[in-house]
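In: Sequence below, structure please.
(one chain, ligands or ions: 1)
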Amino acid sequence: RVTFDPVCTRPPPPVVNNIALIKLLPTLCTKGPEVTMTYLYNKFGSVFTVSILWKRITFLVGPEVSGPFFQGSESEVSQGNFNEFTVPMFGQENGFAVDSSTRMDEIRFYIDALKPSQLRSHVDPMLREVEDYFGKWGEVGVVDLKDEFNHILMLIASRCLLGKEVREKIFGEFYTLFTEIEAGMNFVSFVLPYIPIPVNRRRDRARVKLTEIVSEILRSRKICNRVEEDVLQKLMDSRYKDGRRTTEAAVAGMIIALIFAGKHTSAVISTWTGACLLTHEKFLDAVVNEQKEIMRTYEDMIDYNVLLEMETLHSCIKEAGRVNPISIGLVRQAQKNIIVRTKEGVEYDIPKRDTLVNLVMLTSKLPHIYKDPEVYDPDRFRSGRDEDKVGGKFSYGIFGGGRHACAGEAYAFMQIKIIWSHLLRNFELKLTSPFPKADWSKYALEPKGKVMVNYKRRHLASN
Ligand code: HEM
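Out: Residues are numbered from 1 along each chain as shown. Prediction:
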């Protein structure tokens, strides 16, 4: 139940005092945010506030207190201006440069372009990219999984999201430009997005160039009356609520935003999946056996429905995302006083204007939802256990939830499953570096350092 309080009748959440915060600094520096936040959660409970200078930040942990955060409307819980740094990355005609109603239209475009009925047409292009890419690996070799996944996912994004003009003619140029825009996501640019330092200048030049490239593609499709199956086409054909067509600059910005939202995140989850499977023989055997089983029925044929049958692989990917943090928390701004009720039944009134941080990283590890939460156990998602469903809405926050739930979740699972099903069928893999730690220094978390794997080609027999 979402409740917004016009007159404060409940107490505000407990506040962590400044001395306690200073004492926690060494823990934060040496052990990282997960340990620090777990300490605060154990001490103060599922809702607590930290005051830094004039800023109040209220942290939320767990599904019981997450309803208003995920379900509140923009006038109740807004995305605020925390994403201002994305404006020079994605341009002035979309995202956080435009009003919230236009932004909601864009989210509808994304959802429409990435819904299951649209995804079927992406399976073949994804399969082709994956077969070509791993076809270039030798008989045996050593690779950094993180690097490999970043590369293959960029190829898939350029084919399925942008389309064949970019993929077949100017992939190299696109890759360089996108990397320069991505570099705009650093700490300095986050705080001061418009400061004219070299990295920001390169980001701005790259965005202008990418916008030109996308505009040219759109114009050429219109002139030749050519209609493609990619997401670019869907965005180009979308209409705002008032009937306006999307502009070339807006489409360029939206497509950059989509690649930004989906490429790195999918590469990170693919890498964690590899690290987890290659250190858990029981689940590696289970996913290999599932591939054999599927091959017995469909031989080498893979389509959208066959991918849906890879349930064990699905759970292994989902569990890799649960155990390994990909985001510390999601951020919003309270536009009204908000009442939350903890699982113990205590009600708090969170004051209007508080910054809200939903610590999805801790929610994924709550022992009252996940049995032995630190253990990699994909079976917890099997029917009969369904720990995330039993835990209630918002128990699995890796893809967010509610109004701004990830629009690309199904697309992400599809591409990660295609990659892993190919690897399992065609290679024996061994992790040679230690199990990676999370790199907390990155804005978008990822495994720290290289994730080295030995591979040996094989052809998995179905019998
Ligand atoms: C494993 C990969 C992925 C993860 C872990 C992930 C995670 C997330 C999360 C946590 C959010 C919510 C952010 C918030 O509430 O502030 C989100 C939103 C979003 N994601 Fe993903 N994502 C992934 C892949 C993708 C892909 C592949 C695409 C598109 C091709 C995509 C497109 C989006 C979009 C458009 C939104 C914004 C939705 C909105 O604001 O309403 N994501 N994602």
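
In: What separation is there between the residue in the stretch 201-350 of the chain that the ligand sits nearest to and Gly449?
Out: Using C-beta to the nearest ligand atom, Gly262 is the residue of the stretch 201-350 of the chain that sits closest to the ligand, at 2.6 Å. From N, CA and C alone the C-beta is placed, and that goes for glycine too. From Gly262 over to Gly449 the distance is 23 Å, taken as C-beta to C-beta, to the nearest Å.

In: the more surrounded of these two?
Out: Set Gly262 next to Gly449 and count neighbours by other C-beta atoms under 10 Å: Gly262 wins out with 23 against 13.

In: what's near enough to touch that one?
Out: Listed by C-beta atoms under 8 Å, 6 or more residues apart in numbering, the contact set of Gly262 reads 153, 157, 161, 408, 411-412.

In: Next, count neighbours for Gly135.
Out: By other C-beta under 10 Å, 9 other residues sit near Gly135.

In: That one and Gly67: what is the separation?
Out: With C-beta to C-beta as the criterion, Gly135 and Gly67 are 48 Å apart.

In: try Asp204
Out: 40 Å.

In: So for the two, which sits in the more crowded spot?
Out: Taking neighbours as other C-beta under 10 Å, Asp204 and Gly67 compare with Gly67 leading, 21 against 18.

In: Residues of the stretch 351-463 of the chain that sit close to the ligand?
Out: By the rule C-beta under 6 Å from any ligand atom, the part of the stretch 351-463 of the chain lying against the ligand is 398-400, 404, 406-408, 411-412.

In: Mind doing that once more with 5 Å?
Out: Applying C-beta under 5 Å from any ligand atom, we find that the stretch 351-463 of the chain lies next to the ligand at 399-400, 404, 406-408, 411-412.

In: Select only the buried ones of those residues in ChimeraX?
Out: Only the buried entries of these go into this ChimeraX selection, using 16 or more other C-beta atoms under 10 Å:
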select :399,400,406,407,408,411,412
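
In: out of the residues of the stretch 351-463 of the chain next to the ligand, which one sits closest to the ligand?
Out: Using C-beta to the nearest ligand atom, Gly408 is the member of these that lies nearest the ligand, at 2.0 Å.

In: quick one: that closest one from Ile256, how far?
Out: With distances taken as C-beta to C-beta, Gly408 is found 14 Å from Ile256.

In: residue ranges of the strands in the stretch 301-450 of the chain, please?
Out: Applying DSSP state E, counting those that start in this stretch to the stretch 301-450 of the chain gives strands spanning 330-334, 338-341, 347-350, 355-358, 427-431, 438-439, 446-447.

In: With mean neighbour count and mean pLDDT as added columns, please give those in TSV.
Out: Shown next, in TSV, are the strands of the stretch 301-450 of the chain (neighbours: other C-beta atoms under 10 Å; pLDDT from 0 to 100):
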stretch	mean neighbour count	mean pLDDT
strand 330-334	20	96
strand 338-341	21	96
strand 347-350	21	96
strand 355-358	22	97
strand 427-431	16	98
strand 438-439	17	92
strand 446-447	22	94
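
In: Out of those strands, the one nearest Phe190 is which?
Out: strand 330-334 (11.8 Å; C-beta to C-beta).

In: what helices or strands is the closest one leaning on?
Out: Using 3 or more C-beta pairs under 8 Å, 6 or more residues apart in numbering; DSSP states H and E as the contact test, the elements touching strand 330-334 are strand 77-78, strand 355-358.

In: Dump stretch 334-354 to PDB, keeping only the CA atoms.
Out: Extracted C-alpha coordinates of stretch 334-354, given in PDB (Å, rounded to 0.1, in the frame of the first residue of the first chain):
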ATOM      1  CA  ALA A 334      10.600  12.400  -2.000                       C
ATOM      2  CA  GLN A 335       8.200  15.100  -3.300                       C
ATOM      3  CA  LYS A 336       5.700  14.500  -0.500                       C
ATOM      4  CA  ASN A 337       5.900  13.100   3.000                       C
ATOM      5  CA  ILE A 338       5.900   9.300   2.700                       C
ATOM      6  CA  ILE A 339       4.700   6.800   5.200                       C
ATOM      7  CA  VAL A 340       6.500   3.400   5.300                       C
ATOM      8  CA  ARG A 341       5.700   0.400   7.400                       C
ATOM      9  CA  THR A 342       8.500  -2.000   8.400                       C
ATOM     10  CA  LYS A 343       8.000  -5.700   8.600                       C
ATOM     11  CA  GLU A 344       8.000  -5.300  12.400                       C
ATOM     12  CA  GLY A 345       4.900  -3.000  12.000                       C
ATOM     13  CA  VAL A 346       6.700   0.300  12.900                       C
ATOM     14  CA  GLU A 347       5.500   3.200  10.800                       C
ATOM     15  CA  TYR A 348       7.800   6.100   9.800                       C
ATOM     16  CA  ASP A 349       7.100   9.400   8.100                       C
ATOM     17  CA  ILE A 350       9.900  10.200   5.700                       C
ATOM     18  CA  PRO A 351      10.000  14.000   5.200                       C
ATOM     19  CA  LYS A 352       9.300  15.700   1.800                       C
ATOM     20  CA  ARG A 353      12.600  16.500   0.000                       C
ATOM     21  CA  ASP A 354      14.600  13.700   1.500                       C
END
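
In: Residue numbers of the chain in contact with the ligand?
Out: Residues of the chain lying near the ligand (C-beta under 5 Å from any ligand atom): 107, 110, 258, 261-262, 265-266, 269, 330, 399-400, 404, 406-408, 411-412.

In: at 6 Å instead, please
Out: By C-beta under 6 Å from any ligand atom, the residues of the chain that approach the ligand are 107, 110, 114, 258, 261-262, 265-266, 269, 326-327, 330, 398-400, 404, 406-408, 411-412.

In: mind listing which of these are in helices?
Out: Members of those lying in helices (criterion: DSSP state H): 107, 110, 258, 261-262, 265-266, 269, 411-412.

In: Determine which two of these are furthest apart.
Out: With C-beta to C-beta as the measure, no two of those lie farther apart than Ile107 and Ile269, at 21.7 Å.

In: These two: which is more packed in?
Out: A direct count of neighbours by other C-beta under 10 Å for Ile107 and Ile269 places Ile269 higher, at 22 against 13.

In: So the more buried one is in contact with Ile317, correct?
Out: Yes: counting by C-beta atoms under 8 Å, Ile269 touches Ile317, with 6.3 Å between them.
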